[in-house]
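Student: everything below, folded, please.
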Amino acid sequence: MKVSQFDYDLPPEFIAQAPASPRDSSRLLHLDRATGNIAHFRFNDIVRLLNPEDVLVMNNTRVIPARLAARKAATGGKVEILLLRRLTATRWKALIRGRNIRESQRFELDKGSISCKTIRGLQRGQHVIEFDRAIDDRLHGLGDIPLPPYIQRTLDESERYQTVYSAVDGSAAAPTAGLHFTPELMANLRNFGVKLAYCTLHIGLDTFQPVAVDEVSDHVIHSEFASLDAEAAGIINGAIESGRRVIAVGTTSARTLESAAQSRNQDDSIGQDHHSCDSGKSLVAPISGDTDLFIVPGFNWRVVDAMITNFHLPRSTLLMMLSAFAGREVILKAYEIAKEEAYRFYSFGDAMFVT
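Tutor: Reported below is the predicted structural model:
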C-alpha cells in the first residue's frame, strides 16, 4: 500500500490558525460510512446525533509547557528544546533545534540555574537528554505550550490548546477532537443519558509529521503511553455487552481502545473465550504502558463504533487510521466536500462525526 494513496491537496487558507469561539460553535460534518451520506451541523448539535447510553471515550491528557529556550554551555548559541516524553525523573526524549548538536553536549536554561546534556542521538533530530535535576515542578516557569508547526499565529490563551477535561500532564500535543467540547455541552450530554469515560494517551511529535517512506508497511509507528483504568473499562464493557455504541473522541482514544482490546485478547488467550460478545466485538482490559499499534486499512476494529475527529494532514498515520475505519475513498471524498464547504482543517479546525 502506497503512502501516496493518502495524499490530498490542501491550500494553506484552509488551515485554521485560531480555535472557534465558543469551542462548540465549530462546524461538524456527519459522515455515514455505510452509505457515504454527508450532513452538516454545528458541533453543539452533536447531541442530536447521539443516543442515550452511548459511551463517549475521551483522552484526558494535558499538554505540558514542553518548548524550552536554552543556550549551548560552551558557546552561548541559542537552541530550542522540545520535550517529547519523560523517560525517568531526569531523562527525557526531546527534539533539539539548533546547529551542530552532538552527544554529551551541555545546555543551560533559566540563566544557568538548570542544565542538561545530550545522552544519545535518535532519529529525525531527536535525542535522549538528561537534566541535572527533576524539572517537572518547574516546567510552568521554564517552558511554553508547543503549538503544531502549521499554526503561525500566537495563541492568546494557552488553555485554548487544552481540552476542558484535561487532567493528566504528559502530552506534547493536544487531543484536538476534544477541543470542541465545553462544560455546558458535556452537562447536556450527561443529562441526555450519554455516558463519558476517560482514557489517557500522551501524544508525541510524530502525530503531526507526514509519513516519509513510500510504502505504508515500511513506516515505523511511534509508541505512546496509553492508560485505561478499571472504572473506564467497566463502563465501556457494559456498553459493548448491552449493544450500545462506543464512540472514540479522537484518534488517540481510538488507538487506546483498540490497544486495550488487544490486551484483553492476549490475557484471555489461554483456552478462555469470555472476551468476545454476541456482536463479535471484543471487551477491553485496563492497560497502562506503551502502545505501538499502527492502524491502517485492513485493520479489524474490535471496539470503536463511531469516531469524532478533526481533519488530518495528508500522508499522516491519522488519515490512514480514519481510512481504515471508513474506507480511503469515502474519507478522501468527504475531505473534498469539506473543502467545497469551506471547513477549517487541522488542530484548530472543524470536526467530523463518522458513524
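Student: any idea of the pLDDT on Leu49?
Tutor: Confidence at Leu49, expressed as pLDDT, is 98.
Student: report the contact partners of it.
Tutor: Taking CB atoms under 8 Å, 6 or more residues apart in numbering, we find Leu49 in contact with 30, 41, 353, 355. Where C-beta positions appear, they are placed from N, C-alpha and C, glycine not excepted.
Student: what's the answer for Ile145, then?
Tutor: By CB under 8 Å, 6+ apart, the neighbours of Ile145 are 63-67, 155, 158, 161.
Student: buried only: go through those for me.
Tutor: Among these, those classed as buried by 16 or more other CB atoms under 10 Å are 63-67, 155, 161.
Student: so which of those sits lowest on pLDDT?
Tutor: Leu155 (90).
Student: dihedrals phi and psi, the closest residue to Ser25 other than its chain neighbours?
Tutor: In space, and not counting its chain neighbours, Ser25 is closest to Arg42: 6.1 Å by CB to CB, 6 or more residues apart in numbering. Main-chain torsions, Arg42, degrees, to the nearest 10: phi -90, psi 160.
Student: ok, back up a step: right, and the pair among the contacts of Ile145 with maximum separation?
Tutor: With distances taken as CB to CB, the most widely separated pair in those is Ile64 and Leu155, at 15.3 Å.
Student: low-confidence stretches in the stretch 201-350 of the chain?
Tutor: 206-208, 265-279 (pLDDT under 70).
Student: give me that answer again for 90
Tutor: 204-212, 219-223, 262-280 (pLDDT under 90).
Student: all strands for it, in order.
Tutor: For the stretch 201-350 of the chain, the strands defined by DSSP state E, counting those that start in this stretch occupy 224-228, 246-249, 287-291, 306-310.
Student: next, the angle from the third one to strand 224-228.
Tutor: On the basis of axes from the mean of the first three to the mean of the last three CA atoms, to 10 degrees, strand 287-291 is oriented at 160 degrees to strand 224-228.
Student: so what strands line up beside strand 287-291?
Tutor: Neighbouring strands of strand 287-291 in its sheet, by DSSP bridges, are strand 224-228 (antiparallel).
Student: now do the second one
Tutor: Strand 246-249 has these partner strands in its sheet, going by DSSP bridges: strand 55-59 (parallel), strand 306-310 (parallel).
Student: for the residue nearest to Ser25, give its distance to Leu109.
Tutor: As judged by CB to CB, to the nearest Å, Arg42 and Leu109 stand 43 Å apart.
Student: what of Arg302?
Tutor: Taken as CB to CB, the span from Arg302 to Leu109 is 45 Å.
Student: before we move on, the earlier item: any chance of the contacts of Leu49 in TSV, plus pLDDT, distance to Asp7 and secondary structure?
Tutor: Conversion of these to TSV gives the following (pLDDT from 0 to 100; distance: CB to CB, whole Å; DSSP: H, G, I helix; E, B strand; the rest coil):
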residue	pLDDT	distance to Asp7	secondary structure
His30	98	25	strand
Phe41	98	28	strand
Phe353	98	24	strand
Thr355	98	26	coil
